[in-house]
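In: I need the structure of the sequence given here:
(one chain, ligands or ions: 1)
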Amino acid sequence: MKEKVTIVGAGLVGSLWALFMARRGYKVDVYERRGDMRAAGFVGGRSINLAMSTRGWKALEKAGIIDLIRDNGLPMHGRMMHDTEGNLTYQAYGTEGQAIYSVSRGGLNLELIEAADKHPNVDFHFNHKCKRLDVRKNTLHFENESGEHIEITPDLIFGADGAYSAVRFALQKTPRFNYSQEYLDYGYKELTFSPKENGEAPLKMGSLHIWPRGSFMLIALPNLDNTFTGTLFMPYKGDPGFDDIKTDEDVKQFFEKYFPDAMPVMPELYDDFRDNPTGDLITVRCDPWQYGEKILLMGDASHAIVPFYGQGMNSGFEDCSVLDEMADEYNENWPTIIRKFSETRVKDANAIADLALRNFIEMRDLVGDPMFLLRKKIASHLHKKYPDFMPVYSMVSFSNIPYSQALAEAGRQDAFFEKILAIDGIEEKWNGAEVEAVFEEWNKAKV
Ligand SMILES: Cc1cc2nc3c(=O)[nH]c(=O)nc-3n(C[C@H](O)[C@H](O)[C@H](O)COP(=O)(O)OP(=O)(O)OC[C@H]3O[C@@H](n4cnc5c(N)ncnc54)[C@H](O)[C@@H]3O)c2cc1C
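Out: A predicted model of the protein is given here:
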């Protein structure tokens, strides 16, 4: 008899993992705090999007639903940087044909729920909030919308209930459970870019747009309906800071000064700024991710990261692929899988958390720096000429190489580029013999 599985959270990771387990023949119950987004008409609401890259696609392919999602993704082949004069600089993310994809968060979650719900082995229980978990008895306590108390004791529990996980909260009270949470002093606000009067997209399609401004930045990702979703990342306190932008006049002055080319295509700016909440940015780390042989955390519940590498969902989806591979390797022996998954994966989650924090500085500041752009140009040249050299961004976004290896390589590549950029007249010599000689020497030292 296969174990009875309960997943807490029908977000991106919980719904996808439900499908994985159902396809293996497990009976899966998913408990979700919110109502059924299909009934609530989530899709008709605002367009909030996410960047999907190789790790995310791999998991969707393994789950057999890549075709459902692929057509709804808009490719972004590079970054389009906007300076304060409205001048544009473009920088490709990878080699020709490589792209990350802008996908609607609501649309994706809905497709995942729909795909899992169609499977006869899956039952969703919406409006069920997990209030408590008794880790010793493996008993979950939920409250439904009528305030009734529901108690269940499944064989396996997967906590996919996000950054403020109730399942993790129960584990935090167990012996030798390590936990840390760290907020950035920054918040974020989502803002809409509307189509032009003639219906055309407000910004050039095919790119992720960035307005890097040193201590803060605005980014925008395309949607299928010719709108773009912008996100302003800025400190709460500071000059400028969210705390000091209170009135429409403050918003006007701030945007006129820093984002003059964006303003004309943001007709809802004042309403958005006033009505949309300012979100917090948190990094959560913990270890172990499991309790005993029956309870496991996954997705943001065990590793919430800041969004600057676009890898939060991708790493959560990779949790599903890795677990599925382990299920094959260990013949569905869940006590072993749960222990091994926690033992091996924490270091990768910590690595992408570090890389994401690092990328924040790159995006808000360095992408406007000529030396940084030169570094990217040299990296791209070397990548083309020496296929075994992979820039860190490509390792993270266009490969399935463990994040911990990508982080180690980031340190090595920093040291290499420091040397290269110090070459006299590097601006002219960037693709010349001297650079290649230093590269070959450095590359030999790898093995
Ligand atoms: C501004 C921003 C931009 C981002 N951009 C990207 C990006 O471009 N690419 C990317 O890969 N990632 C991105 N992310 C990260 C991504 O959103 C998360 O990593 C992803 O949503 C995690 O999925 P999850 O299923 O683990 O958690 P969630 O999506 O948070 O889902 C958790 C679910 O659990 C439910 N739940 C919570 N508590 C309970 C409870 N007590 N009982 C029952 N149910 C409960 C919630 O209602 C929710 O449905 C971004 C995040 C932010 C904040």
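In: please make it C-alpha for all contacts and neighbour counts, starting now.
Out: OK.
In: can you list the residues of this structure near the ligand?
Out: Proximity of the chain to the ligand is confined to 8-14, 31-34, 50-52, 128-131, 160-162, 165-166, 299-301, 307, 310-314, 316 under the rule CA under 6 Å from any ligand atom.
In: from the contact counts, what lies against the top strand by length along the chain?
Out: In the chain, taking DSSP state E as the definition, the longest strand is strand 178-193. In this structure, strand 178-193 packs against strand 228-235, helix 269-275, strand 279-287, with contacts taken as 3 or more CA pairs under 8 Å, 6 or more residues apart in numbering; DSSP states H and E.
In: pick the most deeply packed of those.
Out: strand 228-235 (a mean of 23; mean count of other CA atoms under 10 Å).
In: what are the contacting residues of that strand?
Out: 47-49, 185-194, 201-203, 215-223, 240-242 (CA atoms under 8 Å, 6 or more residues apart in numbering).
In: by mean pLDDT, point me to the weakest helix or strand of the chain.
Out: Within the chain, no helix or strand scores below helix 37-40, which has a mean of 84 by mean pLDDT, DSSP states H and E.
In: CA atoms of that one as CSV?
Out: Presented in CSV, the C-alpha positions along helix 37-40 are these (Å, rounded to 0.1, in the frame of the first residue of the first chain):
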residue,chain,number,x,y,z
MET,A,37,-8.5,30.8,-7.3
ARG,A,38,-10.4,29.3,-10.2
ALA,A,39,-13.7,30.4,-8.6
ALA,A,40,-12.2,33.7,-7.5
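In: show me what counts as buried in it.
Out: Using 16 or more other CA atoms under 10 Å as the burial criterion, none of the residues of helix 37-40 qualify.
In: ok so, going back, of the contacts of strand 228-235, keep whichever come out buried.
Out: Buried among these (16+ other CA under 10 Å): 47-49, 186-194, 201-203, 215-223, 241-242.
In: where are the low-confidence patches of the stretch 1-150 of the chain?
Out: Applying pLDDT under 70 to the stretch 1-150 of the chain picks out residues 41-47.
In: mind doing that once more with 90?
Out: With pLDDT under 90 as the threshold, the stretch 1-150 of the chain has low-confidence stretches at 1, 38-48, 71-72, 89, 91, 94-96.
In: element containing the residue nearest to residue 108 when sequence neighbours are not counted?
Out: Nearest non-adjacent residue to residue 108, counting by CA to CA, 6 or more residues apart in numbering: residue 69, 7.0 Å away. Using DSSP states H and E, residue 69 sits within helix 66-70.
In: and that helix, what does it pack onto?
Out: helix 105-118.
In: list the buried residues for the helix it packs on?
Out: 105, 106, 107, 108, 109, 110, 111, 112, 113, 115, 116, 117.
In: over to stretch 53-64?
Out: Applying 16+ other CA under 10 Å to stretch 53-64 flags 53, 54, 55, 56, 57, 58, 59, 60, 63 as buried.
In: among these, which are in helices?
Out: 54, 55, 56, 57, 58, 59, 60 (DSSP state H).
In: got JSON lines for these, with distance to residue 347 too?
Out: Below are those laid out as JSON lines (distance: CA to CA, whole Å):
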{"residue": "54", "distance to residue 347": "20"}
{"residue": "55", "distance to residue 347": "17"}
{"residue": "56", "distance to residue 347": "19"}
{"residue": "57", "distance to residue 347": "22"}
{"residue": "58", "distance to residue 347": "21"}
{"residue": "59", "distance to residue 347": "20"}
{"residue": "60", "distance to residue 347": "23"}
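In: now for those residues: which two are most distant?
Out: Spatial extent of those (CA to CA) is set by the pair 54 and 60 at 10.0 Å.
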